[in-house]
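Engineer: Sequence first, predicted model second:
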Amino acid sequence: MMSLLLWVALIWPLCVAANVVWQAYRTPVVTRRYFTLLWLSASWPALLLAYGGEAQWVIDAWMLGGYWELNALSRPWLAFTALLWTLAAVHARGYFAAEQDKAQAGDDETEQRLVRLALLWPLTFLGNLLLVIAQDIASFYLGFALMTFAAYGLVVHSGSEQARLGAKAYLILAVIGEGMILGGLLWAAGAAQTLSLEGMREGIAEAEQGAAMALLLWLGFGVKAGVIGLHVWLPLAHPVAPAPASAVLSGAMIKAGLLGWVNVLPLGVEGLSPALMQLGNIMLLAGLAAAFGAALYGVWQRHPKAVLAYSSISQMGMLTALVAMGLAAPDVWPLLLPGVVLFAAHHALAKGALFMGTSVSEHMPRWPQPFLFCLLALPGVSLTGALAAGMVSKWGVKSALYDMHHERLIMLLTWAAIGTAALVSVCLWRQWQQRQQGGSHRFQWGAWLVALIAALMTPVWLPLPEGSIAPLPLKEWLGVIWPFPAGVMLVAMSVYLVRNVRAAAPPSGDLWWLYSPFAIRLVSLSHWVAYRCHGVKTACIEASLGGERIVMAWLTRFLSAEGWMRHHSGGLMMAFAVALALLLMWEGLR
């Protein structure tokens, strides 16, 4: 039964994509609807698969040999991933209802955009599904690459100039990341002579150049996870992407980078080399820099989704710091891993609800506004650790750090939570300023409400191993809750102090605008070098052709002498015979 469910989960998104193509060519435009029940069901079999129990599959005929598994890590990961994709698809049905009507009315441009998004959505999910269950290198990389490149269509959907810029930034960083991932995977797999992720982890831990392999893989997956310096696509892509696409980008796909680290880095392995432990320290510093830096920069953004993008960078910075402990202090990792999984799952659903909430505030239902904005705030409050599942997830990682006496890191993560509270507060304030009444679709706000409830109740439905959730002691409640009011008060005081200051908001993308001039100059330099090389190549070809003409002229002269020699061959032979006879006579006389 599990094997049948696995194949249905993998094949069903392909069937959904095929149905989109069929409709595009066989169904009249006036009756064509892409966001049907069939389209919404692309992730349903995968969601059932996550709750089917642990299982293993070995498929010898698949590429280099497939090895897929549902275990204590992949089951909860698949559960929150498939649930978020399901809710985002339902939200998309309401979100794109107006565009669907325009396409049916004969708007060809809107029709093409909807076809592209409806086709690439299930393919992106298929890649996300495959990388979660894969335990062999080839399947894992195939899923990651499919998810990465198919998601381009989700970012560029609107086709505006800003959307093209965001999609271009996403694609450039994705290509750089894919190159580093592929290089790291091939290097590590070749050194360890293995095709499995487990064998590669062991090989990296033992290899002489293991730190260099791990660095490549950390940076490659770090593009998706928003590592500081490689994060610039997030604040450029999220404000321009549709809300359901932003929900899965920030909730599920960004976690693919985190899962990549967990799958390929030798986390928690005793006896690591000093170089690998030093890499862990570098990761820790980079994570903390992202956690604090993104919060400081993000609070000045004006677009709510840009603020949420920087919140994702900040939260992923915290997760980066936690993963780094698996290298810097391997003994803490077995205790930390369940908390990291719960943290990731709660963040995925909470951030998905927040991004869906931006579309609800733009098209508000006819509810009392204070009540609506209280609901919009709930996933953000939980994300800070002050409510429901957020408290449990924050305590899950803090308790492990307490047990291993890493109080300094706990203090830093607590301060970073103040930044999360500030970002959530600013996001809600921007939503309030940009709110619009009416136009909300029942699928739109219905999916958002379910995502909100799922975020608040994450430990209840997530299939974690028994005993992996630690109850929060009453005496620790204050230590987990206080960053939220502190962050809100900090924002309120800052708004009061700068209320008369008129300053332009810093641009979304921050370092992108620093990278761009250097990239343009680098491209210009490469064009100049290519032009010079073309000149050298042309000169070499001309010189070769000149030499060839000279050689051919000499050969032509020699060939013309052949006819003269053939005509006088008898006389020449006679002269040669006489000369030979004279030489022999001369030798005889001597």
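Structural biologist: Perfect, thanks for sending it.
Engineer: Quick one: residues contacting the residue nearest the centre of the chain.
Structural biologist: By CA atoms, centre = their mean, the chain has its centre lying nearest to Lys224, at 2.9 Å. Contacts for Lys224 (CB atoms under 8 Å, 6 or more residues apart in numbering) come out as Thr148, Ala174, Gly177, Met253, Ile254, Ala256, Gly257, Gly260. C-betas here are computed from N, CA, C, even on glycine.
Engineer: quick one: secondary structure of Cys302?
Structural biologist: Small correction: residue 302 is Arg, not Cys. Classification of Arg302 by DSSP: H, G, I helix; E, B strand; the rest coil places it in coil.
Engineer: and Arg435, how many neighbours does it have?
Structural biologist: Neighbour count for Arg435, taken as other CB atoms under 10 Å: 16.
Engineer: what's the spacing between the residue lying closest to it once chain neighbours are set aside and His347?
Structural biologist: Excluding the flanking residues, the one nearest Arg435 by CB to CB, 6 or more residues apart in numbering is Ser361, at 5.0 Å. Using CB to CB, to the nearest Å, Ser361 is found at 21 Å from His347.
Engineer: cool, and Ala581?
Structural biologist: Noted for Ala581: a distance of 107 Å to His347, by CB to CB.
Engineer: do the same with Ala212
Structural biologist: 30 Å.
Engineer: Between those two, which has more neighbouring residues?
Structural biologist: His347 (30 against 16).
Engineer: for the helix or strand where that one lies, which positions count as buried?
Structural biologist: Following DSSP states H and E, one finds His347 within helix 333-362. Neighbour counts over helix 333-362 (16 or more other CB atoms under 10 Å) mark 333, 335-362 as buried.
Engineer: just for the chain, where's the confidence low?
Structural biologist: By pLDDT under 70, the low-scoring segments of the chain are 499-501, 503, 559, 561-569, 589-590.
Engineer: So it: which segments form each domain?
Structural biologist: 2-510, 528-589 (automatic domain parsing).
Engineer: where exactly do the strands run in the stretch 1-150 of the chain?
Structural biologist: 55-59, 66-70 (DSSP state E, counting those that start in this stretch).
Engineer: With distance to Pro483 as added columns, please give these in JSON lines.
Structural biologist: Output for the strands of the stretch 1-150 of the chain, formatted as JSON lines (distance: least, CB to CB, whole Å):
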{"stretch": "strand 55-59", "distance to Pro483": "40"}
{"stretch": "strand 66-70", "distance to Pro483": "35"}
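Engineer: just those strands: most buried one?
Structural biologist: Using mean count of other CB atoms under 10 Å, the stretch among the strands of the stretch 1-150 of the chain with the largest mean neighbour count is strand 66-70, at a mean of 21.
Engineer: the inter-axis angle of that one versus strand 55-59?
Structural biologist: 170 degrees (axes from the mean of the first three to the mean of the last three CA atoms, to 10 degrees).
Engineer: quick check, distance from strand 66-70 to the centre of its chain.
Structural biologist: Distance of strand 66-70 from the chain centroid (CA atoms, centre = their mean, to the nearest Å) equals 22 Å.
Engineer: CA atoms only for that strand - export them in PDB, please.
Structural biologist: Presented in PDB, the C-alpha positions along strand 66-70 are these (Å, rounded to 0.1, in the frame of the first residue of the first chain):
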ATOM      1  CA  GLY A  66      17.200   5.100  -6.400                       C
ATOM      2  CA  TYR A  67      16.900   4.900  -2.600                       C
ATOM      3  CA  TRP A  68      13.900   6.700  -1.100                       C
ATOM      4  CA  GLU A  69      12.900   6.700   2.500                       C
ATOM      5  CA  LEU A  70      10.300   8.100   5.000                       C
END
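Engineer: just checking, what packs against that strand?
Structural biologist: Counting contacts by 3 or more CB pairs under 8 Å, 6 or more residues apart in numbering; DSSP states H and E, strand 66-70 packs against strand 55-59, helix 108-133, helix 137-150.
Engineer: Reformat those into TSV and put distance to Leu376 next to each item.
Structural biologist: Shown next, in TSV, are these (distance: least, CB to CB, whole Å):
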stretch	distance to Leu376
strand 55-59	39
helix 108-133	25
helix 137-150	29
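Engineer: The nearest residue to Ala145 once chain neighbours are set aside: how many residues sit nearby?
Structural biologist: Once flanking residues are discounted, Ala145 sits nearest to Glu178: 6.1 Å by CB to CB, 6+ apart. Residues lying near Glu178 (other CB under 10 Å) number 18.
Engineer: Could you verify my assumption that Glu178 touches Leu146?
Structural biologist: No - using CB atoms under 8 Å, Glu178 makes no contact with Leu146, being 11.1 Å away.
Engineer: and the longest helix along the chain, how far from the chain's centre?
Structural biologist: Across the chain, the helix with the greatest residue count (assigned by DSSP state H) is helix 512-567. Offset of helix 512-567 from its chain centre (CA atoms, centre = their mean): 44 Å.
Engineer: what angle do the helix or strand following that helix and helix 512-567 make?
Structural biologist: Next helix or strand after helix 512-567 toward the C-terminus (DSSP H and E): helix 569-589. Helix 569-589 runs at 80 degrees relative to helix 512-567, counting by the same axes, to 10 degrees.
Engineer: Which parts of the stretch 251-400 of the chain are strands?
Structural biologist: Counting by DSSP E, counting those that start in this stretch, the stretch 251-400 of the chain contains no strands.
Engineer: Could you find the closest non-adjacent residue to Asn19?
Structural biologist: Leu38 (5.9 Å).
Engineer: That neighbour: neighbour count?
Structural biologist: Other residues lying near Leu38 total 14 when counted by other CB under 10 Å.
Engineer: repeat for the one 10 residues further on
Structural biologist: Around Leu48 sit 13 other residues, with neighbours defined as other CB under 10 Å.
Engineer: Contact partners for it?
Structural biologist: Leu5, Ala9.
Engineer: Tell me how far it lies from Pro463.
Structural biologist: From Leu48 over to Pro463 (counting by CB to CB), the distance is 12 Å.
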